[in-house]
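In: Let's see this in three dimensions:
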Amino acid sequence: MTKKYAVILSGCGHFDGAEIRESVLTFLALDTHGAEYEVFAPNQDQFHTLNHLSGDESSTNRNILEESGRIARGNIKPLSEMNSKDFSGLLIPGGFGVAKNFCTFAFKGSEGEASPAIQTTIKDFYDSKKPIGAICIAPALLSLVLGENGIEVTIGNDEATAKEVEKTGAKHIICGKDEFHLDQKNKIATTPAYMYDDNKLHLVQKGISAVVENVINWS
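Out: Purely as a prediction, here's the structure:
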C-alpha cells in the first residue's frame with residue numbers, strides 16, 4: 001500500500017508564511033520516494049503581511065489557507081478536514097509563518113503557545129506513534145507542544161533560539177547546514193535548512209530529503 005503523508009503550510013513567503021523553497025523541496029522528496037501526500041493549512045488570517053522586497057509591514061490581511069494554496073497549486077484543504085488516522089506521518093516546512101501563525105514562539109519564545117488546532121494535530125500524530133518531520137523553525141513549534149516529553153530537535157546553531165527550545169524541556173542538537181537530527185525514540189526528524197540565512201539550496205535539499213526519507217522509513 002502506498003504511504004500517504006500530511007504536509008501543513010503556514011502561508012506563502014518566509015517572512016510571514018511558509019518558506020517556499022522548503023515547501024517545494026518537501027513535496028519533491030515525497031514524490032521522489034513514491035509517497036503520496038495531501039497539503040493542509042488553517043483557514044484563518046495570518047498574523048501579519050510583510051513585503052518580501054522591502055521587509056515592510058503591509059496593511060493587507062491575508063488568509064493562511066489561500067496563501068498556502070499558491071504553493072500547493074490550489075490542491076489544498078483546510079486543516080479542520082485533516083484526520084491523522086488517514087496518514088502515515090506529518091511534515092511541517094519552515095518559514096516565519098510557523099512561528100507567527102501556528103504559535104507565538106516568534107514573540108514569546110519558550111513562553112509561547114501553539115494554536116489549539118495545530119497543537120491537537122501534532123499531538124494526534126505523536127500519540128499515535130507516527131513520525132513527524134520538521135524543517136527550519138518548525139522544530140521550535142514541536143518543542144512548544146512536545147517539549148515536556150524530552151524530544152530532541154535541531155534548529156541549527158543559533159544559540160538564542162536553541163536556549164528557548166531547551167526551556168520547553170526539549171533537547172537541542174547542533175547541526176550544520178546540510179545536516180539533520182533523528183530522535184529515534186520519538187520518531188522526530190529535523191533539519192535547519194534556512195535557519196542558516198546564507199544556506200545553499202543544494203544543502204537545504206540534502207537536509208530536507210533526509211528528513212522525508214527517515215519519516216517514510218519510520219512509518
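In: list the contacts for the residue most central in space within the chain?
Out: Centroid-nearest residue in the chain: I92, 2.7 Å away (criterion: C-alpha atoms, centre = their mean). Neighbouring residues of I92 by C-beta atoms under 8 Å, 6 or more residues apart in numbering: 7-8, 98, 132-135, 138, 141-142. Yep, even glycine has a C-beta here, placed from its N, CA and C like the rest.
In: Ok, I208 next?
Out: Applying C-beta under 8 Å, 6+ apart, one finds that I208 lies in contact with 22, 25-26, 29, 135, 191, 193.
In: Just confirm it is within a helix.
Out: Yes: I208: assigned to a helix according to DSSP: H, G, I helix; E, B strand; the rest coil.
In: For the residue nearest to it when sequence neighbours are not counted, pull up the helix or strand it's in.
Out: Distance criterion C-beta to C-beta, 6 or more residues apart in numbering; nearest residue to I208, sequence neighbours excluded, is L25 at 4.6 Å. If you go by DSSP states H and E, L25 is part of helix 20-32.
In: other SSEs contacting that helix?
Out: Applying 3 or more C-beta pairs under 8 Å, 6 or more residues apart in numbering; DSSP states H and E, one finds that helix 20-32 contacts strand 4-8, strand 36-41, helix 64-71, strand 132-135, helix 201-218.
In: In it, which residues are buried?
Out: Across helix 20-32, burial judged by 16 or more other C-beta atoms under 10 Å covers 20-27, 29-30.
In: CA atoms only for that helix - export them in CSV, please.
Out: In CSV, the C-alpha atoms belonging to helix 20-32 read as follows (Å, rounded to 0.1, in the frame of the first residue of the first chain):
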residue,chain,number,x,y,z
ILE,A,20,8.5,28.4,-0.4
ARG,A,21,11.7,26.5,-1.3
GLU,A,22,11.5,24.3,1.8
SER,A,23,7.9,23.5,1.0
VAL,A,24,8.6,22.6,-2.6
LEU,A,25,11.7,20.5,-1.7
THR,A,26,9.5,18.6,0.8
PHE,A,27,7.0,17.8,-2.0
LEU,A,28,9.9,16.8,-4.3
ALA,A,29,11.3,14.5,-1.7
LEU,A,30,8.0,12.8,-1.1
ASP,A,31,7.4,12.4,-4.8
THR,A,32,10.9,11.1,-5.3
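In: quick one, what contacts K4?
Out: 35-38, 86-88.
In: Including neighbour count and distance to A72, could the contacts of I92 go into JSON lines?
Out: Formatted as JSON lines, the contacts of I92 follow (neighbours: other C-beta atoms under 10 Å; distance: C-beta to C-beta, whole Å):
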{"residue": "V7", "neighbour count": "26", "distance to A72": "8"}
{"residue": "I8", "neighbour count": "25", "distance to A72": "11"}
{"residue": "V98", "neighbour count": "32", "distance to A72": "16"}
{"residue": "I132", "neighbour count": "29", "distance to A72": "20"}
{"residue": "G133", "neighbour count": "32", "distance to A72": "17"}
{"residue": "A134", "neighbour count": "28", "distance to A72": "18"}
{"residue": "I135", "neighbour count": "32", "distance to A72": "16"}
{"residue": "A138", "neighbour count": "33", "distance to A72": "17"}
{"residue": "L141", "neighbour count": "26", "distance to A72": "20"}
{"residue": "L142", "neighbour count": "29", "distance to A72": "22"}
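In: That's all I had, so thanks and see you.
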